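A.B. asks: give the three-dimensional model of this entry:
(one chain, ligands or ions: 1)
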Amino acid sequence: MLIKINLFDFTLINKLIRLGYEVEIESGAGIHAQATDIDYEAAGAKISKDVLSTSDVILSVQPLTAAQFGKVKKGAVTISFLSPTGAADSVAAAANAGATAFSLELVPRISRAQSMDALTSQALCAGYKAALIGAELSPRFFPLLMTAAGTVTPAQVLVLGAGVAGLQAIATARRLGAVVSAYDVRLSSADEVKSMGATFIELELESLEGSGGYAREMTEERAAKQRELLKPYITKSNVIITTAAVPGRPAPRLVTKEMMSDLAPGSVIIDLASETGGNVEGSVAGETITTETGVIIWGGKDVPSSLPFHASSLFSRNVVNLLTLITKPAADGNPVSLNIDFADEIVKASVLAHDGVKQGASA
Ligand code: NAD
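C.D. replies: Sure thing, here's the model as predicted:
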């Protein structure tokens, strides 16, 4: 079985080859993660310019485009991020091509699937980076310092959205010595926030627990009330990190321009939700903006790729774990083969196209 894989983890390549898989890497795929074609060849992979038409399984970070799906063989399997709403063209093209397409966003949050959960591994990278960028852009120290020239008070960091990325941002800001508080619409995150040494902000609002550990969308009335109640916490913070998301919906608006006008000059806002609509009014993905009143707004864009070594390494383990769920290694003289159990809970939830038909969340 030939696999196109544009990720890197050399030990994984060795492991796959030992199990009987043939691995081909797109030339130059690892260059931003300090992995050269020569490294991949040394690990036993072949380097290719285009293996779309020959591979049985294609692993990638981004979904194949509709044009790329036009080149894959009938029955090929793809594993990548593939949003049923955000990448609807790719899903339709996968079905037209007779490919079996798996979406990493839809891997269910059950314990058996934790090792395949790429949303979690990438959110971990993004949260860590968010705290570091906040510290970098802030004109203040994060820790308390007692110096001969006087005492430096610690930075006040506020994290809005205490899921995977938010908790990692809290942990990182705490390690740098900041005083951290956090809010999430899921009351169940309060203990996790406190266990990181941060203060959980409790507002007099109902908890919005959804299914699978995610939040529910809120009404505009509740959103306005939440903004009003959070305003005093926002305006006294030196660095605000926003990570709030609701699956399949635009990011909730948590910080408005009107709130920003009350922030001290030099305050920093890190918006990790910039690419999905923004938690912060006026944030632009990939840009750092300074407002007229001196507030710095940083809009996140493909943030995990700014930590390429570990983002790639964790991601590749996630996809290879999913790959091994749907394939059978070579044994007793038989080559590696596909072994997709469509009744399996993980397969059922994450497959979006099979045998010419859209499946599950895209059907
Ligand atoms: P996410 O990226 O969808 O959202 C980030 C956070 O934003 C969530 O905590 C959400 O509650 C919060 N949020 C949404 N709207 C908000 C608003 N208006 N104001 C403030 N906060 C808001 O979520 P995520 O980080 O991927 O996961 C959330 C939780 O799921 C985790 O904390 C964890 O408990 C759970 N989880 C479970 C598994 C598993 O069991 N395998 C894996 C990963 C995560």
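
A.B. asks: show the pLDDT at residue 164.
C.D. replies: Looking at residue 164, its pLDDT is 97.

A.B. asks: I figured it hits residue 124, correct?
C.D. replies: Yes. Under the criterion of Cβ atoms under 8 Å, residue 164 makes contact with residue 124 at 5.9 Å. For glycine as for every other residue, the C-beta is placed from the backbone atoms N, C-alpha and C.

A.B. asks: quick one: contacts for the closest residue to residue 140 other than its chain neighbours?
C.D. replies: Once flanking residues are discounted, residue 140 sits nearest to residue 155: 5.0 Å by Cβ to Cβ, 6 or more residues apart in numbering. Contacts for residue 155 (Cβ atoms under 8 Å, 6 or more residues apart in numbering) come out as 135, 138, 140-142, 178-179, 238-239.

A.B. asks: and what of residue 244?
C.D. replies: 160-161, 184-185, 215, 251-252, 254, 273, 279.

A.B. asks: filter the residues you listed down to the ones in strands?
C.D. replies: Among the contacts of residue 244, DSSP state E puts residue 160 in strands.

A.B. asks: top of the contacts of residue 244 by number of neighbours, please.
C.D. replies: Using other Cβ atoms under 10 Å as the neighbour criterion, residue 160 leads the contacts of residue 244 with 31 neighbours.

A.B. asks: distance of that one relative to the ligand?
C.D. replies: 5 Å (Cβ to the nearest ligand atom, to the nearest Å).

A.B. asks: skipping adjacent residues, who's closest to that residue in space?
C.D. replies: Using Cβ to Cβ, 6+ apart, the closest residue to residue 160 is residue 242 (4.6 Å).

A.B. asks: ramachandran angles for the one you found?
C.D. replies: Backbone torsions for residue 242, taken as degrees, to the nearest 10, come to phi -110, psi 130.

A.B. asks: burial of it, as a residue count?
C.D. replies: 30.

A.B. asks: who's in contact with it?
C.D. replies: So residue 242 contacts 159-161, 254-255, 269-273, 279-280 (Cβ under 8 Å, 6+ apart).

A.B. asks: between those residues, which sits nearest residue 319?
C.D. replies: Of all the contacts of residue 242, residue 272 has the smallest distance to residue 319: 22.6 Å, by Cβ to Cβ.

A.B. asks: you'd agree the closest one is up against residue 122?
C.D. replies: No. In this structure residue 272 lies outside contact range of residue 122 using Cβ under 8 Å: 11.1 Å.

A.B. asks: so these two - more neighbours on which side?
C.D. replies: Each of residue 272 and residue 122 has its neighbours counted (other Cβ under 10 Å); residue 272 has more, 32 against 24.

A.B. asks: any figure for the gap between the more buried one and residue 219?
C.D. replies: Distance, residue 272 to residue 219, by Cβ to Cβ, to the nearest Å: 23 Å.

A.B. asks: same check on residue 351?
C.D. replies: For residue 351 relative to residue 219 (Cβ to Cβ), the value is 33 Å.

A.B. asks: could the contacts of residue 244 be laid out in TSV, adding pLDDT?
C.D. replies: Shown next, in TSV, are those (pLDDT from 0 to 100):
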residue	pLDDT
160	98
161	98
184	97
185	96
215	89
251	95
252	95
254	97
273	98
279	98
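
A.B. asks: same for the one helix or strand residue 126 maps to, what does it pack against?
C.D. replies: Using DSSP states H and E, residue 126 maps to helix 118-137. Other elements packing on helix 118-137 under the criterion 3 or more Cβ pairs under 8 Å, 6 or more residues apart in numbering; DSSP states H and E are helix 164-175, strand 239-242, strand 268-271, strand 296-299, helix 308-326.

A.B. asks: and residue 55, which of the ones you listed is closest to it?
C.D. replies: helix 308-326 (12.1 Å).
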